[in-house]
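S.K.: can you look at this prediction? I've put the sequence above it.
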Protein chains: 4
Amino acid sequence: MPDAPVFQPADPGFEARVRASFARQTAMTTIGATMVRAEPGEVEVQLPWAAHLTQQHGFLHGGIIGAALDSACGYAGSTLMPAEVGVLSIEYKINFVAPARGQRFRMVGTVVKPGRTITVVEGRAFAVEDGREKLVATMSTTLMVVAGRDDVKH
Amino acid sequence: MPDAPVFQPADPGFEARVRASFARQTAMTTIGATMVRAEPGEVEVQLPWAAHLTQQHGFLHGGIIGAALDSACGYAGSTLMPAEVGVLSIEYKINFVAPARGQRFRMVGTVVKPGRTITVVEGRAFAVEDGREKLVATMSTTLMVVAGRDDVKH
Amino acid sequence: MPDAPVFQPADPGFEARVRASFARQTAMTTIGATMVRAEPGEVEVQLPWAAHLTQQHGFLHGGIIGAALDSACGYAGSTLMPAEVGVLSIEYKINFVAPARGQRFRMVGTVVKPGRTITVVEGRAFAVEDGREKLVATMSTTLMVVAGRDDVKH
Amino acid sequence: MPDAPVFQPADPGFEARVRASFARQTAMTTIGATMVRAEPGEVEVQLPWAAHLTQQHGFLHGGIIGAALDSACGYAGSTLMPAEVGVLSIEYKINFVAPARGQRFRMVGTVVKPGRTITVVEGRAFAVEDGREKLVATMSTTLMVVAGRDDVKH
């Protein structure tokens, strides 16, 4: 396949902007997620396993993996957007490819195709168990740019 | 379209079983979700808006809606399964159709097609704001029945 | 669940418009699909089984079912749109719930949530075999309204 | 991200097997698709633009791109499977990221995670216009291995 594209951010202050916005997502604080990397077109979020986030067998709940990946993908798209617009996830699909067994989890969102109105992003979730990393989920997300609305900014 | 099918549960004790399993999902406790209804092929989960579950604008985080819908859909499938098997969500897709603005949220999972190995379920999330209800998200989910594994039961 | 919404078409001439547009889709002619019904928010497309449209076991190819459902869903959304705009499918997901065994197939697209920019539609594909009808696939689709582009109209 | 995995095919005769099976898909013949490459975990299908496969504006119909990508993804999974099993697409999702404008199209399916029962594959569709190649669609697919059924083989 052709090489992955190199993206030029429209907003030179994108990193501070997406980090500040992520910090306002109380849902991410509740699940213990932190943004560890924000580059043009790619964002990484990490979270540790936690006893208050499991499904019935003690593994991390798939929906929590989905929530963290959703944020990683949304902010990956946001890194390439102008400072003044807002961004909405209009849909995502997640495939669970292995049990989410691990001490901590790494979610990476990567822009596939940026656009003025619609941006498509893909995500990967990895579980880290005893130092070994395993792919546990994949995501594809459609983002929509929203301009001129005070309730959807950054 | 043809009428919705009427489902016969394979396990007469399905309601107690799915309620007990849901109660073990600490992620659902953390987000304040309760199972309010479990019928053959349909499960309803509710949760109130909460300050610790928002995205950056103060609305309920889309990923949290996804997590609650995922549980509603998974247990909707589980109501029709034999007592001894486990069930895994192998994928889901969620479309966000309106901002998740409301005081509380209702998630309904409904089986579209049960199967021995694969079951397909659809979900609807509604926001209740000042007594009015609005559709905010739709989901489709693929579940897989897993037999004979101690780490995937109920 | 609440009753399905009743939709008011913005364009009183929607039916002639969507039928004329469908007739220009040579792909639909090639697969033998006809639009048998176009109502506000719902469109039905039918096609017979055909020897030139199969997968390796002689059943209708899943991708052909997807193509016909995609058209049914796209035009279902189009029935509610103003006469002068265009509409694009920006994504769809299809779940195959039973083998596509039958003499003919019925695809129904139904609008879940219309919008100025984004419309969400759901589809159902049924196989008719010896007079009995069976659900074989479900779809969810996101449509985007495109205005002011000559290459995307109707 | 970690390097892409290197896959070992279970069936040394996989290439002849998947090419023979693809050749039995009359739907692929009808749309002019040919399998140009079959490696362990990756399959490429190509097709030219054709006047009988368009949507209403003369571009290749999105559903036809979906059908060709579905075959590329399904056979990518099949390259890694034992000779005697069958494979079913149980769902796929396609995102259209650019208009399908071009003289010919390249579809590449790549296995993300093979499994005994469930295999997840991703696809990319490229349009080639005047010698330049552009990404036009992405897909993610879930395949299920089916053993012991005469109507689902290869």
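M.R.: Now that the structure is in, tell me what you want to look at. Since the structure is predicted, the reported quantities are computational estimates derived from the model, not experimental observations.
S.K.: would you confirm that residue A:120 belongs to a strand?
M.R.: Yes: using DSSP: H, G, I helix; E, B strand; the rest coil, the secondary structure at residue A:120 is a strand.
S.K.: count the neighbours of it for me.
M.R.: 24 (other C-beta atoms under 10 Å in any protein chain shown). Every C-beta, even on glycine, is put in place using the N, C-alpha and C of the backbone.
S.K.: now the strands for chain A?
M.R.: A:34-39, A:42-48, A:86-96, A:104-113, A:118-129, A:132-146 (DSSP state E).
S.K.: could you dump these to a markdown table with distance to chain C and mean pLDDT?
M.R.: A markdown table is the format used below for the strands of chain A (distance: least, C-beta to the nearest C-beta, whole Å; pLDDT from 0 to 100):
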| stretch | distance to chain C | mean pLDDT |
| --- | --- | --- |
| strand A:34-39 | 25 | 98 |
| strand A:42-48 | 21 | 98 |
| strand A:86-96 | 6 | 96 |
| strand A:104-113 | 11 | 98 |
| strand A:118-129 | 6 | 98 |
| strand A:132-146 | 6 | 97 |
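S.K.: do you know which of those lies nearest residue B:110?
M.R.: For those, the distance to residue B:110 is smallest for strand A:86-96, at 18.9 Å, taking C-beta to C-beta.
S.K.: about what we covered before: tell me which of the strands of chain A lies nearest to chain B.
M.R.: strand A:86-96 (3.8 Å; C-beta to the nearest C-beta).
S.K.: partners of that closest one in the sheet?
M.R.: Strand pairing for strand A:86-96, using DSSP bridges, gives strand A:132-146 (antiparallel), strand B:86-96 (antiparallel).
S.K.: what's the closest of those strands to residue C:112?
M.R.: Once the strands paired with strand A:86-96 are compared by C-beta to C-beta, strand B:86-96 is nearest, at 7.9 Å.
S.K.: okay, the angle between that closest one and strand C:104-113?
M.R.: 60 degrees (axes from the mean of the first three to the mean of the last three C-alpha atoms, to 10 degrees).
S.K.: tell me the spacing between the spatially most central residue of chain A and residue D:55.
M.R.: Taking C-alpha atoms, centre = their mean, the centroid of chain A lies closest to residue A:72, which sits 1.0 Å from it. Per C-beta to C-beta, to the nearest Å, residue A:72 is found 34 Å from residue D:55.
S.K.: and what of residue A:123?
M.R.: Distance from residue A:123 to residue D:55, by C-beta to C-beta: 30 Å.
S.K.: what's around residue A:116, how many residues?
M.R.: Residue A:116 has 10 neighbours, counted by other C-beta under 10 Å.
S.K.: just to revisit the earlier point, dump the strands paired with strand A:86-96 to JSON lines, plus mean neighbour count.
M.R.: What follows is those, written out as JSON lines (neighbours: other C-beta atoms under 10 Å in any protein chain shown):
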{"stretch": "strand A:132-146", "mean neighbour count": "21"}
{"stretch": "strand B:86-96", "mean neighbour count": "24"}
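S.K.: need those strands in a markdown table (columns: distance to residue C:116).
M.R.: Formatted as a markdown table, the strands paired with strand A:86-96 follow (distance: least, C-beta to C-beta, whole Å):
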| stretch | distance to residue C:116 |
| --- | --- |
| strand A:132-146 | 12 |
| strand B:86-96 | 15 |
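S.K.: was I right to think residue A:63 contacts residue B:66?
M.R.: Yes: Residue A:63 lies in contact with residue B:66 (C-beta atoms under 8 Å); the separation is 5.5 Å.
S.K.: ok, residue A:87 - contacts?
M.R.: Residue A:87 is in contact with A:74, A:77, A:78, A:81, A:119, A:143, A:144, A:145, A:146, A:152, counting by C-beta atoms under 8 Å, 6 or more residues apart in numbering or on different chains.
S.K.: quick check: the farthest pair among these?
M.R.: A:119 and A:152 (14.6 Å).
S.K.: pick out whichever of the two has more residues nearby.
M.R.: Using other C-beta under 10 Å, the more surrounded residue of residue A:119 and residue A:152 is residue A:119, with 25 against 19.
S.K.: count the residues that sit near residue A:113.
M.R.: 20.
S.K.: er, residue A:18 actually
M.R.: With other C-beta under 10 Å as criterion, residue A:18 counts 24.
S.K.: gap between it and residue A:74?
M.R.: From residue A:18 across to residue A:74, the span is 9 Å (C-beta to C-beta).
S.K.: can you check residue A:61 too?
M.R.: Distance from residue A:61 to residue A:74, by C-beta to C-beta: 19 Å.
S.K.: how about residue A:51?
M.R.: For residue A:51, the distance to residue A:74 - C-beta to C-beta - is 27 Å.
S.K.: which of those two has more neighbours?
M.R.: Using other C-beta under 10 Å as the criterion, residue A:51 and residue A:74 rank with residue A:74 on top: 28 against 8.
S.K.: that one and chain C, how far apart?
M.R.: 16 Å (C-beta to the nearest C-beta, to the nearest Å).
S.K.: just give the nearest non-adjacent residue to that residue, would you?
M.R.: residue A:89 (5.4 Å; C-beta to C-beta, 6 or more residues apart in numbering or on different chains).
S.K.: what does chain A have sitting close to chain D?
M.R.: Residues of chain A lying near chain D by C-beta under 8 Å from any C-beta of the partner chain: A:1-2, A:93, A:95, A:97-98, A:108, A:112-113, A:115, A:118, A:120, A:122, A:124, A:126, A:133, A:135, A:138, A:140, A:142.
S.K.: can you check the pLDDT for residue A:150?
M.R.: Note for residue A:150: predicted pLDDT of 67.
S.K.: ditto for residue A:52
M.R.: So residue A:52 comes in at 96 (pLDDT).
S.K.: distance-wise, check it relative to chain D.
M.R.: 28 Å.
S.K.: report how many residues lie close to that residue.
M.R.: Neighbour count of residue A:52, defined by other C-beta under 10 Å: 14.
S.K.: and for residue A:102?
M.R.: 21.
S.K.: how far does stretch A:95-107 stretch from one end to the other?
M.R.: 14 Å (C-alpha to C-alpha, to the nearest Å).
S.K.: chain center to that stretch: distance?
M.R.: Centre-to-centre, stretch A:95-107 and its host chain are 14 Å apart (C-alpha atoms, centre = their mean, to the nearest Å).
S.K.: buried ones in it?
M.R.: A:95, A:96, A:97, A:98, A:99, A:100, A:102, A:104, A:105, A:106, A:107 (16 or more other C-beta atoms under 10 Å in any protein chain shown).
S.K.: wait, the third one sits on residue A:139?
M.R.: No: with contact defined as C-beta under 8 Å, residue A:97 and residue A:139 do not form a contacting pair (11.1 Å).
S.K.: touching, residue A:64 and residue A:48? I think so.
M.R.: No: Residue A:64 sits out of contact with residue A:48 when judged by C-beta under 8 Å, with a separation of 11.7 Å.
S.K.: compare the two (neighbour count), which wins?
M.R.: Higher neighbour count among residue A:64 and residue A:48: residue A:64, with 30 against 15, using other C-beta under 10 Å.
S.K.: contacting residues for the more buried one?
M.R.: Taking C-beta under 8 Å, 6+ apart, we find residue A:64 in contact with A:31, A:53, B:27, B:63, B:67.
S.K.: run the chain-centre distance for stretch A:89-107.
M.R.: Its chain's average C-alpha position is 10 Å from that of stretch A:89-107, according to C-alpha atoms, centre = their mean.
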